[in-house]
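> below is the sequence, then the predicted model.
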Amino acid sequence: MHKVSVDDSPHVVVEDLVFRRGSKRIFDGLSLTVPRGQITTVMGPSGSGKTTLLRLIGGQLRPDGGRVWVDGQEVARLSNRRLFALRKRMGMLFQSGALLTDMNVFENVAFPLREHTDLPEELIRNLVLMKLEAVGLRGARDLSPAELSGGMARRVALARAIALDPDMILYDEPFTGLDPITMGQIVTLIQRTNRILGLTSVLVSHDVEEAMAISDQVVLIADGRVMDSGTVEAVRERASAWSEQFLNGRPDGPVPFHYPGSSYRDDLLRSAEPKHD
């Protein structure tokens, strides 16, 4: 049985994070805290670095400045052995599901158990069926990934993500491209999995309503920094002008509709000027 932690220390702490891709600065002094045992959603416009943040938390990328702590360990300073051990306590749900195409559903969920444990096959079989039952897909265990819908693939990926009973799950855009029924199923699964297993969940998303409905904490990021953070109620009550525009999907505001340029009038007048040889 999964042991629910009574530790009330933050699960993830990001301090003054700086990260660049070439000359572009993705994060510029970003700081945030992820409480243990809760669902924290990081939201922001496309290109604001949400998925990059997950990769920094998982140690796939290293910051150019600042620190990322997971469970009291500074990720960038861990040896390969200790980083590998930390990652085994993290589950990851990719936007596409990222299932292994040459394995059926059962084998995909069994894969981490076979790679990281010495459990006998009979016990692995029981664990896989238990995880698939939890996501409602025990009956689909013999299907190939090509036979799954997008929502089913994400549910199988969730079963695989919890196969090793992790302490934390990172979700990369879990609601993208789903129909309303499937989205409702994924929302319910994330909420139920977090509550029953006592997990810390970190979601990145731009689906405002779905994310806000299940989150204990929301962090809004843009321009390399945190614009607003707190409980859903607190963020809605004291949202900045930028956050209010983002949360309500307004086309114009602090983020302008028009790309910066000279005045439209001047452009028209210049085009009307006579040309001389």
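Arrived safely.

> what segments of the stretch 151-277 of the chain are strands?
Assigned by DSSP state E, counting those that start in this stretch, the strands in the stretch 151-277 of the chain fall at 168-172, 200-205, 217-222, 225-230.

> which stretch among the ones you listed is buried most, on average?
Mean neighbours per residue, mean count of other Cβ atoms under 10 Å, is largest over the strands of the stretch 151-277 of the chain for strand 200-205, with a mean of 25. All C-beta atoms are positioned from the backbone trio N, CA, C, and that covers glycine.

> quick revisit: turn the strands of the stretch 151-277 of the chain into CSV, columns for mean pLDDT and distance to R77.
Converted to CSV, these look like this (pLDDT from 0 to 100; distance: least, Cβ to Cβ, whole Å):
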stretch, mean pLDDT, distance to R77
strand 168-172, 92, 19
strand 200-205, 92, 21
strand 217-222, 91, 24
strand 225-230, 88, 24
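
> among those, which is nearest P45?
strand 217-222 (6.0 Å; Cβ to Cβ).

> quick check: angle from that closest one to strand 225-230?
160 degrees (axes from the mean of the first three to the mean of the last three Cα atoms, to 10 degrees).

> helices or strands up against strand 217-222?
Where contact means 3 or more Cβ pairs under 8 Å, 6 or more residues apart in numbering; DSSP states H and E, strand 217-222 is packed against strand 24-34, strand 39-43, strand 225-230, helix 232-237, helix 241-248.

> do you know which of the ones you listed lies nearest D266?
Once the helices and strands packed on strand 217-222 are compared by Cβ to Cβ, helix 241-248 is nearest, at 27.4 Å.

> in the closest one, what counts as buried?
Across helix 241-248, burial judged by 16 or more other Cβ atoms under 10 Å covers 242-247.

> please save the CA atoms from it in CSV.
Output in CSV follows, covering the C-alpha atoms of helix 241-248 (Å, rounded to 0.1, in the frame of the first residue of the first chain):
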residue,chain,number,x,y,z
ALA,A,241,-4.4,42.9,-15.4
TRP,A,242,-2.3,40.4,-17.3
SER,A,243,-3.7,37.4,-15.3
GLU,A,244,-7.2,38.6,-15.7
GLN,A,245,-6.8,38.8,-19.5
PHE,A,246,-5.3,35.3,-19.6
LEU,A,247,-7.8,33.7,-17.3
ASN,A,248,-10.7,35.2,-19.2
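
> show me what it is packed up against.
helix 208-214, strand 217-222, strand 225-230, helix 232-237.

> circling back: tell me the one of the buried residues of helix 241-248 nearest M43?
When the buried residues of helix 241-248 are compared against M43 (criterion: Cβ to Cβ), the nearest one is F246, at 7.4 Å.

> ok so, going back, now the helices and strands packed on helix 241-248 as JSON lines including distance to L268?
Formatted as JSON lines, those follow (distance: least, Cβ to Cβ, whole Å):
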{"stretch": "helix 208-214", "distance to L268": "37"}
{"stretch": "strand 217-222", "distance to L268": "32"}
{"stretch": "strand 225-230", "distance to L268": "36"}
{"stretch": "helix 232-237", "distance to L268": "42"}
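
> closest to L119 out of the ones you listed?
helix 208-214 (32.0 Å).

> now do that closest one: which elements does it pack against?
Checking 3+ Cβ pairs under 8 Å, 6+ apart, helix 208-214 ends up next to strand 39-43, helix 180-197, helix 241-248.

> for the closest residue to V34 other than its chain neighbours, what are its contacts?
Distance criterion Cβ to Cβ, 6 or more residues apart in numbering; nearest residue to V34, sequence neighbours excluded, is V12 at 3.7 Å. By Cβ atoms under 8 Å, 6 or more residues apart in numbering, V12 lies in contact with 32-34, 57, 68-70, 168, 200, 202.

> ok, 10 Å please
32-36, 40, 53, 57, 68-71, 75, 168, 170, 200, 202 (Cβ atoms under 10 Å, 6 or more residues apart in numbering).

> return the member of the buried residues of helix 241-248 nearest to L61.
Distance ranking of the buried residues of helix 241-248 against L61, using Cβ to Cβ, places F246 first at 24.9 Å.

> chain neighbours aside, what residue packs nearest to the closest one?
Closest to F246 by Cβ to Cβ, 6+ apart is L220, at 6.5 Å.

> just L53 next, same as before
Here the residue nearest L53, using Cβ to Cβ, 6+ apart, is V42, at 6.2 Å.
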